[in-house]
Each structure stands twice: as structure tokens, then as C-alpha cells.
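# Okay, structure incoming, though there's no sequence with it:
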């Protein structure tokens, strides 16, 4: 058992410390690079989104952003975010539970590696992999056909929202397993045993202790999965070739040439709205993570 | 639910080829506090967990009172258990934690909260009842765990090294509290620890275990003064190993012929086992049997550490008044106040 | 006789997961080794892919950019975090918070921001990419390093070294570096993998790296692109899985 060393130590300035005025010096390189390559671009994005073609303040970019086809884009993106998250959050949790609690250490590590690769493959290899598997001539398509399910008879196409969704599941599920596993491993053996000893059967343990403890992380994971599905660009780009209204694709389209005068700063406004929607999911995610870490503190 | 006796009969348990428990037998009478004492790996925790139902024995039976509970699942056994640490449910408040056992027994909310407060009061934490485990110190958490284990009036109380993760001062106070509670409630208790001081201080009887077997189980006095084996002699309290020559039934220690208590193989070199308080140190005129290495003032007693010419170290514990004239570096003579000793042939370095 | 309990639910779960993962992969692989109109199977798509001059060129380019990203991480992030852990700097919460920001911002939005904000001279060089990749990898790299640094008694080790008379150079070289080595290794692997496969920012800022080249190839030879994608998926998968299967368990896990 880990013994927490509760010591009375004098308030320490640490092994390394500088006088007050210079104390920020060592961190400047990081802060400078971070500000220049991140904070600066984002602030500029927000600033320009409020600019009209004559560089005056305007809300017109945002007005256009909420009209067709851009509002359709948002709706589709939100939809695919919610669906891809909703479909994988529970299976992922179950798999994470089984692997963490009953898997050997080797199993856990190799699965972690596998999930790492799949979750971060980036959309392009994935897109092509599914084109091969589920394309009209794909092996899986043929196999399904012989099992009686002709997916193309129902106007299936990887270039539709449904088709994309199927591909998204492929990286969302491993992502869910990765981000939820720590919550499972935080469930101490002592809690199950104590509950059992106090008279709880499996069901009662889960209802009163297990699920309440996992619930915040479960919700948090859903939020992160949503953000991941909502913001995905590469896969959609590779598969739909711009025919499907999806916010990341629309922004990408507005980034190149072929932008009409009326749309000069539209892309920036779309970007800002995208950030807001993403923030609505990610900020609560971070807050929940912070709070639940307190439980596993002691 | 009243307090019951606990009987463990011929329990054996193997873990991956290692014999964790070897034909283990134990009887704990109603209201008794029995400690299982031993080094890690001796099987004490395994025994406790098998009694609790958290592990399944390979063979043997467990009885509570007259009832055989060998095949009763853990959650149906009426035992309260306190774990080493981290066992409070983090999502429940202190009072909800304590009331949990009653909640599982379908006790009405008002009644169980009232009982929870009663017990929290007994451990002095009623003021913290609305707080959450992560807001309490280690010692406080263990007291809550104790209250939780006792709230539903279990037949048996099981303690799995409840003090091992705590600071020394907290440990001493909490062990007294555990004993006090146990006595006032009359709860039959089985207490597992590796700390011999703890076990000896609060238990009615102590069972010393080694390699899955019970070496000796007796009241602390007997364990200390009449250890049945050299393992018990060494594990309980401090023991000197004095090199001496055995001849037949006796052994010569510092010039005195002392009878040998245990069976041994004939004459020759042995180590005699003597407690520090049985050895007296006196200034010698000129060369002596030993030389003083250190002298430590411990209050009422002082500890004198001496070294024999052959290098062996001897520890003596004497009333401080008698040690005024003794200083490090001086030549001294030693004498032993016992008439019989245990010997061992093992060479202790 | 020790009876080994076979965990049926676990096997079911793993089998389902295995099917989910391997069936599409297997089908795609099957597709990629089809021998076109002649029927049967062959590896001609793979051979074609490897024979492309650009294959090596772009792969090397991506590896080079990924290495630069790792370099930035090693030169900037590691010292910064080590210092944060050594001193009780009041900037720690700030930098903790900053490292999480890129998680909130969708990559596409970040790309637009970068395009309109960064000046010409920055955007004209491909070396802007490692810095951008650095930002993208930051939340994950930071957390990975944070966990690793928390696990070692860094402060105690450093104070012990200093009080034994080591100057800063010796302390860093002989005490700190070995201590943080394994956490840094993990973070390096993470950053490298992420940078290697990064597509969105790269393509939106009109640069060509391995992932973007694959998309381009698809227009000309879909089968070739599929073959390359299979390699891009299966190789890291196989490598990482076998490393973790055969590597000794060096993690300091608490004994329960």
C-alpha cells in the first residue's frame, strides 16, 4: 500500500527559485512561443470575424453564418458529434471496464497502444480504409450482401452523414476507451470489498457507489467525444469531397481562393462559432475532470 | 444482532503454488479481541479475508456461533470490516458512509442516520458528519471506517491492519480508541497487524503466525515470557542472542549455569535468548566481560548497549537510577537474572 | 491442481472489439491486394506505392518535420515543466491552464487563425509547421510529462544533489536527466506520432507532407492510396502492440 508521507515541512520555495522580478524569466520561451503561435492567431481570428470588407465593425459575418447553407453545416456537424459520441460512449465504457478490471497487464498495454494508433490515425488512412471495405466493390459490402443486407440498395454512401458516422465510430470508440479507462482504474478495490462487507450485492454496489462515481467521467467523456466528432476535418474531407454541408469543410472551402467578396471574412465567423460550440463541450469536460481528481486524491 | 464466537477450522489456502494458509485453526470467544501477528506473507491477512468471505478457502470451515457460514457469500455475512486505508466511499458523506450497512439492511432513513450519529459520537466525529472523506485526515477516516463497521451491530469485527497507514501518534491514540469501543460494545474482534507492540498492547490474546501456520497463541504475558519457539521469541519484543557453550542440559551465560528450556542437539555452540531487562550491567574493576558502546536515557529505564570481546552486541534495559555510573567505553561485567532460557543453534550475525 | 478460471464475459467483449477493429481492416486489406481484372491476389499496389519516388520523399519530409516538433518539445516544454516541478512557481496554474487551451479550439479554426495572423515570412517557410504541431500536441504532451514528473521525487533528488555539492550543470546532467528520461521518451513518441499523421493544418495551409500526398495519390491511383493507408495504419499498430507485448513491465505500480 502506498503510505502517504504526511510531513510538516516548512513552506518551501522549491529547489530552484529566483527573485521576484526575474521569476518569470525561465518560462518566457514557452509563453512567447505559445502566445505567438496560438493566442495571437486565435485573437486575430476573433477580431477579423467582426470586420466587414471595408474593415469596419460588423455583425454581418455572423448573420450569414446562421443562414443556409451554413446553419445546415452546423446542424450536421453537431449531429455527427452527438451521434458518434452517443453510439460509442456506452460500448467504450463497458470495454474499458472489462479490460481494466479483468485484463492482464499485457492486455491492457497492448490495447492502449492499439487504441492510441486508431484514435490518432488522422482521417486520411481511415477514410481510404473504409472506401476499400465498404465501397461498392468492397469486401465487407459483398459480405453483407451475401448475408442479405444490400447497403447500397438503400442509397448508402460514405459521402453521406450516415456513411461518415460509420467511419467516425472507428476512431471514436478507441478514443472513448482511452479517456474512460483512467476512471475505471480509479475505482479502488477497497470500495467494492467494503460495500460487499457491509451487505451490498453487485447490483447495490453499482447503483450506490460504482455508477455515481463513474457518472461524471462518463459525461465528461461524452463531451470530449462530441468535440472530437464535431471538429473532425480530415476524414470528412477525404470522403465527401465537399458535397456534404459540414462546418469544418465549409471553413476549409472558404480558406482557399474562390471566395466571393461577400464572404471575405465569413470563414472567420464560422471559426469563432465553431470555437464557441466546442468550448461549450470541452470546458465542462475539463471542469469535471478537475473535480473528480479530488476523489482519488487521498 | 448479538456478538458471537468465531471458529476457524482447518482452513488451507494456496495462491499459485504458495501455501498461504496451512491447516489454520482459530477460536475467538464472544467479546474477545484476538490479534493475528506476523511478518508480511505469513498468512494473517489471508485468514482474515477468508473469514470475511472476500477470499475462498481451499478447504476448511468457518463458524460463527453455532452456524456454519463456510458457503455463505461475503455480503450476507454479518461482519464489520475495517480496511487499511482508502475504504470510505468518496461520493457519500461521512454520515451516509456510516449508515451504509444499515441502508443495505433496509433500515428506515431516519433510524439509520440516528444510529450513524450515535456511532460518530462514540468516535468523536459527530461534527464532521456532513463532510466528505477527502476532507478528512487519515486518522479521521479510519475512525469513520470503524464507526461504519460497527453501525449495524455486526456479530464479528474484523480489522485489517487499520493503523499501518497512520502517523505514530495517531496510531497510539486510535488503537486505544479501538480497544475502548470494542470493550464497551463487547464485540468479538479479529485484528491483523505486523506491529507487535500494537498487538500486545490491546489484545486479549495474540496469535503469532509464520508461513501460513499459527506458531503460538496466548495472552501477551505468556507470549513475551514463554515464547514457544525462537521465531516467536524474536518477533515479540527485543531479544538478545548471547553466544554461549551448552553442555548437556545447561548453558553458561556470564559465569552462571542456566538450564535450557527447549530441546536442542547436544552440547556445543548455541545462542541463548535473553530479554534486555533480564541482563544487569555493573562496573568492573579492571578488565570486564564487555565494554559499553552506548547508553540511551529512555526515562524510567535506560538502555545500555555493550559489546563482547568476540564482537557480539548485548542490549540491557535497567532502571535509570542504577545506570548513573555507567559510561560509553567503560569495562563492565554482565549478569543474568533468569534460571532457564531458550537456545537456538542458528548463527545470528 | 490450480484451476485457471476462464473469464467468459471478458472473452466475449474482446472478441466483439476484435471484430469491430479487424473486420474493416481485413476487408480493406483484402481490397488492396486484389489483382485487378486478372483476378486473384497480389501485392502489386504495395509494390507500386513503394516504388514511387515521392513515397520516400514525403515520408522523409514528414519524419523530418515530426523530429523538429520533438526538438521544440525537448528544448521548450521539458525544461519549462521540469522547472515548474522543481520550484513552487506561482506560474504553474497559469501554464497548466494554457496547455489545455488547444484542446478547446477546433483544429480548423486554429488553421484559419494561423493563416490570417502569421506574417508572410513565417508562412512562407515549412518550418512554421513544427511550431503549429507543437501547439496541437501540447495538451497531450503536457499531461503525459506532468504525470511522469509527478511520479518521481524530482525536488528531493535535486536538493540532495545540490547539497552534496553538485553545481547546476552536473545536477542536470547526472541527476535530473536520467530521472525524467522515461517520461520524456513517452512524450516524445506521442508528439512524433501526432506530427507524423497531422493532416488538417498542413493541408489548409497548403503544405505537402506524407498524409496530404496520400490524398493526392488517391486521385490518380485509388488502390495505391489504399495500399499506403493500410501501411500507415498497420505498421504503427503492429510496432506499438508488439513493443508493449514484449517490453518488460517497468511501470511503478502500487502493490495492492
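Everything's here; your move. The structure presented is a predicted model; accordingly, all values stated were derived computationally and were not measured.
# who's in contact with residue A:72?
Taking C-beta atoms under 8 Å, 6 or more residues apart in numbering or on different chains as the contact definition, residue A:72 lies against residue A:245. The C-beta positions use only the backbone N, C-alpha and C, and glycine is treated the same way.
# residue of chain B with the smallest distance to chain A?
Using C-beta to the nearest C-beta, the closest approach of chain B to chain A is made by residue B:104 at 3.4 Å.
# Name the nearest residue to that residue, sequence neighbours excluded.
Once flanking residues are discounted, residue B:104 sits nearest to residue A:199: 3.4 Å by C-beta to C-beta, 6 or more residues apart in numbering or on different chains.
# Distance of the nearest residue to residue B:19 once chain neighbours are set aside relative to residue C:144?
Leaving aside its chain neighbours, residue B:19 sits nearest to residue B:212 (4.9 Å; criterion: C-beta to C-beta, 6+ apart). Distance of residue B:212 to residue C:144, computed by C-beta to C-beta, to the nearest Å: 43 Å.
# higher neighbour count, these two?
Taking other C-beta atoms under 10 Å in any protein chain shown, residue B:212 and residue C:144 do not tie; residue B:212 has more neighbours (23 against 19).
# For the residue nearest to residue B:19, give me the pLDDT.
Per-residue pLDDT puts residue B:212 at 91.
# Help me confirm that it comes into contact with residue B:21.
Yes - counting by C-beta atoms under 8 Å, residue B:212 touches residue B:21, with 4.7 Å between them.
# which neighbours do these two share?
B:13, B:43, B:46.
# Quick one: neighbours of the second one, just the number.
Applying other C-beta under 10 Å, we find 26 residues neighbouring residue B:43.
# That one reaches residue B:21, doesn't it?
Yes - counting by C-beta under 8 Å, residue B:21 is a contact partner of residue B:43 at 4.8 Å.
# what sits in contact with each of those two?
Residues touching both residue B:43 and residue B:21 (C-beta under 8 Å, 6+ apart) are B:13, B:212.
# Quick check: nearest residue in space to residue B:125, chain neighbours excluded?
residue B:143 (5.7 Å).
# what's the helix or strand containing the one you found packed up against?
With secondary structure defined by DSSP states H and E, residue B:143 is part of helix B:138-150. With contacts defined as 3 or more C-beta pairs under 8 Å, 6 or more residues apart in numbering or on different chains; DSSP states H and E, the packing partners of helix B:138-150 are helix A:189-197, strand B:79-82, helix B:94-104, helix B:109-122, strand B:156-160, helix B:168-185.
# Show me where chain C has its helices.
With DSSP state H, the ranges of helices along chain C come out as C:8-32, C:44-51, C:53-72, C:78-86, C:92-104, C:107-117, C:120-123, C:128-150, C:154-163, C:168-170, C:177-197, C:200-204, C:210-220, C:222-246.
# the inter-axis angle of the fifth one versus helix C:107-117?
An angle of 100 degrees separates the directions of helix C:92-104 and helix C:107-117 when computed by axes from the mean of the first three to the mean of the last three C-alpha atoms, to 10 degrees.
# Buried residues, helix C:92-104. List them.
Residues of helix C:92-104 classed as buried: C:95, C:98, C:99, C:100, C:101, C:102, C:103, C:104 (neighbour count, 16 or more other C-beta atoms under 10 Å in any protein chain shown).
# Does chain A have contacts with it?
Yes - residues of helix C:92-104 contacting chain A under C-beta under 8 Å from any C-beta of the partner chain: C:95, C:98, C:100, C:101, C:102, C:103, C:104.
# same for that helix, what does it pack against?
Short answer (3+ C-beta pairs under 8 Å, 6+ apart): helix C:92-104 packs on helix A:28-34, helix A:266-292, helix C:78-86, helix C:128-150.
# burial measure for residue C:53, as a count.
7.
# I meant to write residue C:83 there.
Neighbours of residue C:83 under the rule other C-beta under 10 Å: 20.
# can you check residue B:104 too?
Residues near residue B:104, counting by other C-beta under 10 Å, number 20.
# Residue C:6 too?
For residue C:6, using other C-beta under 10 Å, the count is 7.
# how close does it get to residue C:29?
In terms of C-beta to C-beta, residue C:6 sits 31 Å off from residue C:29.
# what do you get for residue A:127?
Here residue A:127 is placed at a distance of 16 Å from residue C:29 (C-beta to C-beta).
# just to confirm, which helix or strand has the closest residue to chain B within chain A in it?
As assessed by C-beta to the nearest C-beta, chain B sits closest to residue A:199 within chain A, at 3.4 Å. Following DSSP H and E, there is no helix or strand that holds residue A:199.
# doesn't residue B:106 make contact with it?
No - taking contacts as C-beta under 8 Å, residue A:199 lies outside contact range of residue B:106: 9.6 Å.
# Look at these two and report which has more neighbours.
Using other C-beta under 10 Å, the more surrounded residue of residue A:199 and residue B:106 is residue A:199, with 22 against 8.
# who in the stretch 101-250 of chain A is up against chain B?
So the stretch 101-250 of chain A meets chain B at A:188, A:190-191, A:193-201, A:204, A:208-209, A:212-213 (C-beta under 8 Å from any C-beta).
# would you list the helices and strands packed on helix C:92-104 in a markdown table and tack on mean pLDDT?
A markdown table is the format used below for the helices and strands packed on helix C:92-104 (pLDDT from 0 to 100):
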| stretch | mean pLDDT |
| --- | --- |
| helix A:28-34 | 92 |
| helix A:266-292 | 90 |
| helix C:78-86 | 88 |
| helix C:128-150 | 89 |
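# related to what we said a few turns ago, could you list every residue that touches the residue of chain B closest to chain A?
A:198, A:199, A:200, A:204, B:75, B:152.
# Just give the nearest non-adjacent residue to the third one, would you?
Using C-beta to C-beta, 6+ apart and skipping the chain neighbours, the partner closest in space to residue A:200 is residue B:104 (5.2 Å).
# Could you report the separation of that neighbour from residue C:105?
48 Å.
# Then residue A:30?
Residue A:30 is 18 Å from residue C:105, by C-beta to C-beta.
# Then residue C:237?
29 Å.
# Same check on residue B:137?
Residue B:137 is 41 Å from residue C:105, by C-beta to C-beta.
# what about those two, which has more around it?
The neighbour comparison of residue B:137 against residue C:105 (other C-beta under 10 Å) goes to residue C:105, with 23 against 13.
# Phi and psi next, for that one.
Dihedral angles of residue C:105 (phi, psi; degrees, to the nearest 10) stand at phi -90, psi 120.
# and what of residue B:54?
According to degrees, to the nearest 10, residue B:54 has phi -80, psi -20.
# From residue B:238, how far off is residue B:195?
Distance from residue B:195 to residue B:238, by C-beta to C-beta: 14 Å.
# who touches stretch A:87-95?
A:165, A:169, A:172-173, A:175-177, A:180, A:214, A:218, A:221-222, A:225, C:13, C:17.
# Show me how far that stretch is from its chain's centre.
14 Å (C-alpha atoms, centre = their mean, to the nearest Å).
# Equivalent analysis for stretch C:212-231, please.
Using C-alpha atoms, centre = their mean, the offset of stretch C:212-231 from its chain centre is 22 Å.
# buried stuff in it?
C:212-215, C:217-218, C:222-231.
# Kindly report the same for stretch B:275-284.
B:275, B:276, B:278, B:279, B:280, B:281.
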